[in-house]
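Engineer: predicted model, plus sequence, below.
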Amino acid sequence: MTKKPQRLVECVPNFSEGRREEVIQAIVGAIAAVPQVYVLDTHSDPDHNRTVVTFVGPPEAVEEAAFQGAARAAELIDMTQHRGEHPRIGATDVIPFVPLQGVTMADCVAMAERVARRIAAELEIPTYLYAEAARRPDRRRLATIRRGEYEGLREAIATDPDRAPDFGPARLGKAGATVVGARPFLIAFNVYLNTDDVRIADRIARAVRHSSGGLRYVQAKGFLVEGQAQVSMNLTNYEKTPIQRVVNLIRQEAARYGVAVTHSELVGLIPQAALVEAARWHLQLDLFEPDQVLENRLAAAMEAETTPTAFLDAVAAPTPTPGGGAVSALAAALAAALAQMVAGLTVGRKKYALVEEAMQEVLAEAGTLRVRLTAAVAQDSAAFDAVMAAYRMPKGTEAEKAARRQAIQEATRRAGEVPLAVAREAVATLRLIRQVAEVGNVNAVTDAGVAAHLAWAAVEGAALNVRVNALALEDEALRRRWLAEVEDLREQAGHLWKKVSAVVVRRAGLEQG
């Protein structure tokens, strides 16, 4: 039977903050904390004062992560104080959804509408729909909606019916407005010139972009970044207008003004196919095939590899994360996976027909726990990184000290909540392990024993992190609740571990040895 491909959506939200690391980390942490979401890239530019985050996952998880990122940005970014080179109208300026696998553009349009409605309703932020999700032809282009930026929209939104949002209030608060949409994959690409004359970059941008007679599927604008003129572009269809064609045109236009390209940069990620096509064109590799790329061939050869080498290497590296908390979460996830395995080896067998229904339930419950615990691996690292970012905040003035103190407490609370959730779910996993150990396939009973050891260790490891974070809490009541709950979880885990160990020894016949 052919395995059904996983449904995947990419989301590339742009946040109006590129200078305060603690704010960026808090927003990225809110996104990464959503189970099944994978943050692939974070690109911050202090001149643009903007951060672009790239993450992927199943549609439901991506929707939730997009909302959580927007909610955190609304708390931390004040648009009345924001200054930067890049056009913007809100703390979360734009949220595009991109279909990657097993998902249609129509699915992404529906996602955009749901997220836009939710941001408007729950955060009271005006939202606009753009690109494929636009309800009006004139709102397909992001630049049209951003006209006048935050300052201009703040006045126009309340008085000009043409600027009214698709959802939410017709007024701008400190979080501004947010644009949500669905679009194909976009390459954000900047080219730098050996001049500080931004007028030249503007003229080249006009020659390149489609709206003023240039190349189809190219949006471009000139900026001055770190003393260098920059042609900033969005390439909206790299298959029909390849990246090398764009760069060649920029070089030709630059030569007219006596300047040259010094270098270019990517903002976020790029499909390998775009780079392969550029190499094929420049090197005239007419007969080139993608499987001639060594890494592609290696990836295919290693597809069946199951050793988690990358994670082990990351743990072994001399960096704080991933650390003990992430390892505890992984241990619990492995325990849940083993519970699934034993239950799976039990269902469908006549000898175990009487426990078929119970094992089906274990399969489902263990699967849910495994997904949550796997997500906690990244969540734990993100939570610790946020604590470190909070401690690095400035503490010169009284206001800075107060902001730092609050950020430390918020980050510490999150850093304790993640392992506490791991401990809870590891205990729930132990209860399932006890079931499969007692009535599951006897040939896999020692696997249930291994699962019990892993889950018990996960509880103990997670408890250490809860206790150490509790020490830094100023909220005495919360500290007491944490410590009381984690001690109760340790006691439950120890009791269940002993029960499972005794069952395994008996059913495996180990007492005879």
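Structural biologist: Perfect, thanks for sending it.
Engineer: which stretches of the stretch 201-350 of the chain have low pLDDT?
Structural biologist: By pLDDT under 70, the weakly predicted segments of the stretch 201-350 of the chain are 299, 302-306.
Engineer: ugh, wrong one, the chain
Structural biologist: Using pLDDT under 70, the chain drops low at 1-5, 299, 302-306, 512-513.
Engineer: ok, 50 please
Structural biologist: Regions of the chain meeting the criterion pLDDT under 50 cover residues 1-4.
Engineer: domain-wise, how is it divided?
Structural biologist: Using automatic domain parsing, the domain ranges for the chain come out as 8-182, 187-290, 322-512.
Engineer: where does the longest strand belonging to the chain sit relative to the chain's centre, distance-wise?
Structural biologist: Of all the elements of type strand in the chain, the one with the most residues (DSSP state E) is strand 92-101. How far strand 92-101 lies from its chain's middle: 12 Å, per Cα atoms, centre = their mean, to the nearest Å.
Engineer: and that strand, what does it pack onto?
Structural biologist: strand 8-11, strand 14-15, helix 59-76, helix 105-123, strand 178-182 (3 or more Cβ pairs under 8 Å, 6 or more residues apart in numbering; DSSP states H and E). Placement of C-beta: from N, CA and C, glycine included.
Engineer: make CSV out of the ones you listed and add distance to residue 453 and mean neighbour count.
Structural biologist: Listed next are the helices and strands packed on strand 92-101 as CSV, based on distance: least, Cβ to Cβ, whole Å; neighbours: other Cβ atoms under 10 Å:
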stretch, distance to residue 453, mean neighbour count
strand 8-11, 34, 22
strand 14-15, 43, 27
helix 59-76, 30, 22
helix 105-123, 41, 20
strand 178-182, 47, 28
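Engineer: count of residues packed around residue 446?
Structural biologist: Counted with other Cβ atoms under 10 Å, the neighbours of residue 446 add up to 16.
Engineer: same check on residue 194?
Structural biologist: Neighbours of residue 194 (other Cβ under 10 Å): 13.
Engineer: for residue 209, see how far away it is.
Structural biologist: Applying Cβ to Cβ, to the nearest Å, the value for residue 194 to residue 209 is 22 Å.
Engineer: cool, and residue 366?
Structural biologist: For residue 366 relative to residue 209 (Cβ to Cβ), the value is 53 Å.
Engineer: ok, those two, which is more surrounded?
Structural biologist: Legend: neighbour count by other Cβ under 10 Å for residue 366 and residue 209, higher for residue 366 (27 against 21).
Engineer: strands along the stretch 101-250 of the chain, start to end?
Structural biologist: 127-131, 178-182, 187-193, 218-225, 228-235 (DSSP state E, counting those that start in this stretch).
Engineer: report the angle between the last one and strand 187-193.
Structural biologist: In this structure, strand 228-235 runs at an angle of 160 degrees to strand 187-193, with axes from the mean of the first three to the mean of the last three Cα atoms, to 10 degrees as the basis.
Engineer: chain center to strand 228-235: distance?
Structural biologist: The answer for strand 228-235 is 26 Å, by Cα atoms, centre = their mean.
Engineer: doesn't residue 177 make contact with residue 95?
Structural biologist: No - Residue 95 is beyond contact range of residue 177, at 11.7 Å (criterion: Cβ atoms under 8 Å).
Engineer: about what we covered before: tabulate the domains of the chain (JSON lines), appending distance to residue 308.
Structural biologist: Shown next, in JSON lines, are the domains of the chain (distance: least, Cβ to Cβ, whole Å):
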{"stretch": "domain 8-182", "distance to residue 308": "15"}
{"stretch": "domain 187-290", "distance to residue 308": "23"}
{"stretch": "domain 322-512", "distance to residue 308": "8"}
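Engineer: wait, which of those is closest to residue 307?
Structural biologist: domain 322-512 (13.1 Å; Cβ to Cβ).
Engineer: list the contacts of residue 457.
Structural biologist: By Cβ atoms under 8 Å, 6 or more residues apart in numbering, the residues touching residue 457 are 328, 331.
Engineer: recalculate using a threshold of 7 Å.
Structural biologist: Neighbouring residues of residue 457 by Cβ atoms under 7 Å, 6 or more residues apart in numbering: residue 331.
Engineer: which SS class is it?
Structural biologist: Three-state call for residue 457 (DSSP: H, G, I helix; E, B strand; the rest coil): helix.
Engineer: and the helix or strand that contains residue 326, what other elements does it pack with?
Structural biologist: Using DSSP states H and E, residue 326 maps to helix 324-344. The contact analysis (3 or more Cβ pairs under 7 Å, 6 or more residues apart in numbering; DSSP states H and E) places helix 324-344 against helix 356-391, helix 398-439, helix 445-470.
Engineer: contacts only, for residue 80.
Structural biologist: residue 174.
Engineer: ok, now with 10 Å
Structural biologist: Counting by Cβ atoms under 10 Å, 6 or more residues apart in numbering, residue 80 touches 150, 151, 154, 172, 173, 174, 176.
Engineer: for the third one, give its distance to residue 75.
Structural biologist: Note on residue 154: its distance to residue 75, by Cβ to Cβ, is 19 Å.
Engineer: tell me which of the helices and strands packed on helix 324-344 sits most buried.
Structural biologist: helix 445-470 (a mean of 23; mean count of other Cβ atoms under 10 Å).
Engineer: what are the phi and psi angles of residue 177?
Structural biologist: phi -120, psi 160 (degrees, to the nearest 10).
Engineer: so what pairs up with residue 45 in the strands?
Structural biologist: Bridge pairing for residue 45 (DSSP bridges) gives the partners residue 50.
Engineer: for the nearest residue in space to residue 54 that is not next to it in sequence, which three-state class applies?
Structural biologist: Leaving aside its chain neighbours, residue 54 sits nearest to residue 41 (4.2 Å; criterion: Cβ to Cβ, 6 or more residues apart in numbering). At residue 41 the chain is in strand, as set by three-state DSSP.
Engineer: in terms of helices and strands, where is residue 319?
Structural biologist: Per DSSP H and E, there is no helix or strand for residue 319.
Engineer: fine by me, we can end here.
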